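K.L.:
Provide a 3D model corresponding to the input given below.
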Amino acid sequence: MCQITSMGRLTKKQKRRIRHFLKAKAGIDQKKEIIHSGDVPKYIARHIPFIRRLARNIDQLLIVSSFVEPPIKTGLIDRFLVLAELEQLKAIICLNKIDLLEDLSEAQEIAEMYRKIGYPVYLTSASSGEGIHELFEALKGHDTALAGHSGVGKSSLLNAMAPELKIHVNEVSPSTKKGRHTTTRVKVYEMAPATRVIDLPGLKLLDFIDIHYAEARLFYREFVELADNCKFNDCQHITEDQCAVKEALARGEVHPLRYESYLNLVDSLKNFA
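P.N.:
Here you go, the predicted structure:
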């Protein structure tokens with residue numbers, strides 16, 4: 001029996017949007033291949049974070065953050081999510097040190113922001129053990145890279161999941177409230193059968209030299225879903241009229257923190273334009 005494909009039901013406008021999207025993604029993939037080829041000048045290579053070079057050797061990225069000591073930086077979480085989307089990695093978010101919170105409502109709001117757009121989120125405490133079993137289950141059978149700001153508790157989480165590791169843990173500086181580097185080089189831990197965790201040094205900033213600022217919108221998954229309703233095929237969701245993303249933001253369907261981090265990313269990428 002002959003089946004009618006979904007493409008046959010698309011309007012001309014939708015087809016144009018699909019062609020525009022695929023053309024943009026093709027350019028991104030070509031640049032990504034160059035980045036991963038290793039055949040780049042040294043002045044480019046030194047600006048490629050190690051996590052980018054590691055990306056093709058892992059299954060998923062575990063993004064660890066905390067709410068206090070050090071304070072949460074959703075902008076950095078979002079940059080790691082852009083990395084995961086760019087490299088087509090599964091992204092998991094761990095919001096750690098919830099035992100230090102007097103009120104869990106902030107943690108639950110941030111968790112819901114990311115869960116709403118499809119990212120799994122685990123609320124954990126290495127001290128009390130809350131959420132540790134569930135997080136460990138998410139790592140089993142995978143090669144996972146741990147990424148986050150210094151001091152968010154990556155080493156403590158690993159010790160909580162596998163006490164036999166006995167990883168040295170540093171305290172957060174009481175004067176700066178910033179983490180002291182426990183991991184100063186990449187370390188690989190065998191956590192269980194077929195389960196490896198690659199602990200990376202803490203990062204304060206993550207830049208992308210191969211993403212043009214006009215492409216940033218393609219790595220915010222909730223924007224991609226809404227963009228079909230924008231007036232312009234190449235809508236940047238910033239100054240354009242009849243922008244579905246801005247309209248969703250006004251209705252409270254796009255979280256202000258996500259939109260703010262998008263604007264910051266666009267501004268930073270303009271330095272490479």
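K.L.:
Wait, residue 66 touches residue 156, no?
P.N.:
No - using Cβ atoms under 8 Å, residue 66 is not in contact with residue 156; the gap is 10.0 Å. All C-beta spots, glycine's among them, are computed from the backbone N, C-alpha and C.
K.L.:
Compare these two (neighbour count), which wins?
P.N.:
Using other Cβ atoms under 10 Å as the criterion, residue 66 and residue 156 rank with residue 66 on top: 27 against 20.
K.L.:
re earlier: what is in contact with residue 66 and residue 156 at once?
P.N.:
Counting by Cβ atoms under 8 Å, 6 or more residues apart in numbering, the contacts common to residue 66 and residue 156 are residue 96.
K.L.:
Please name the bridge partners of residue 199.
P.N.:
residue 146, residue 187 (DSSP bridges).
K.L.:
quick one: it and residue 154 touch, right?
P.N.:
Yes - with contacts counted by Cβ under 8 Å, residue 199 reaches residue 154, the gap being 6.0 Å.
K.L.:
Comparing those two, which shows the higher neighbour count?
P.N.:
Set side by side, residue 199 and residue 154 show more neighbours around residue 154, with 29 against 24, by other Cβ under 10 Å.
K.L.:
what's next to stretch 226-233, contact-wise?
P.N.:
14, 16-17, 20, 217, 235, 237, 240-245, 248, 254.
K.L.:
Any buried residues in it, and which?
P.N.:
For stretch 226-233, a neighbour-count test (16 or more other Cβ atoms under 10 Å) marks 226, 227, 230 as buried.
K.L.:
likewise stretch 238-251?
P.N.:
243, 244, 245, 246, 248, 249.
K.L.:
what secondary structure does the last one sit in?
P.N.:
Spelled out, that is residue 249. helix (DSSP: H, G, I helix; E, B strand; the rest coil).
K.L.:
For the stretch 101-250 of the chain, give me the ranges with low pLDDT.
P.N.:
Within the stretch 101-250 of the chain, the ranges that satisfy pLDDT under 70 run 170-184.
K.L.:
quick one: the strands in it?
P.N.:
With strands called from DSSP state E, counting those that start in this stretch, the stretch 101-250 of the chain shows them at 121-123, 143-148, 187-192, 195-199.
K.L.:
Take these and lay them out in a markdown table including distance to residue 92.
P.N.:
Listed next are these as a markdown table, based on distance: least, Cβ to Cβ, whole Å:
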| stretch | distance to residue 92 |
| --- | --- |
| strand 121-123 | 7 |
| strand 143-148 | 8 |
| strand 187-192 | 14 |
| strand 195-199 | 12 |
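K.L.:
out of the ones you listed, which comes closest to residue 88?
P.N.:
strand 143-148 (13.9 Å; Cβ to Cβ).
K.L.:
For the closest one, C-alpha coordinates in CSV please.
P.N.:
The C-alpha trace of strand 143-148 is given here as CSV (Å, rounded to 0.1, in the frame of the first residue of the first chain):
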residue,chain,number,x,y,z
ASP,A,143,31.3,6.8,29.2
THR,A,144,30.5,10.0,30.9
ALA,A,145,32.5,13.3,31.1
LEU,A,146,32.0,15.4,34.3
ALA,A,147,32.0,19.1,33.6
GLY,A,148,31.3,22.2,35.8
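K.L.:
Among the contacts of stretch 226-233, pick out the one closest to residue 126, please.
P.N.:
For those, the nearest to residue 126 is residue 254 (32.3 Å; Cβ to Cβ).
K.L.:
Now do the SS call for that closest one.
P.N.:
coil.
K.L.:
With the one 3 residues further on instead?
P.N.:
Taken by three-state DSSP, the conformation at residue 257 corresponds to helix.
K.L.:
Residue 76 is in contact with that one, correct?
P.N.:
No - here residue 257 does not reach residue 76: they are 11.9 Å apart, not a contact under Cβ under 8 Å.
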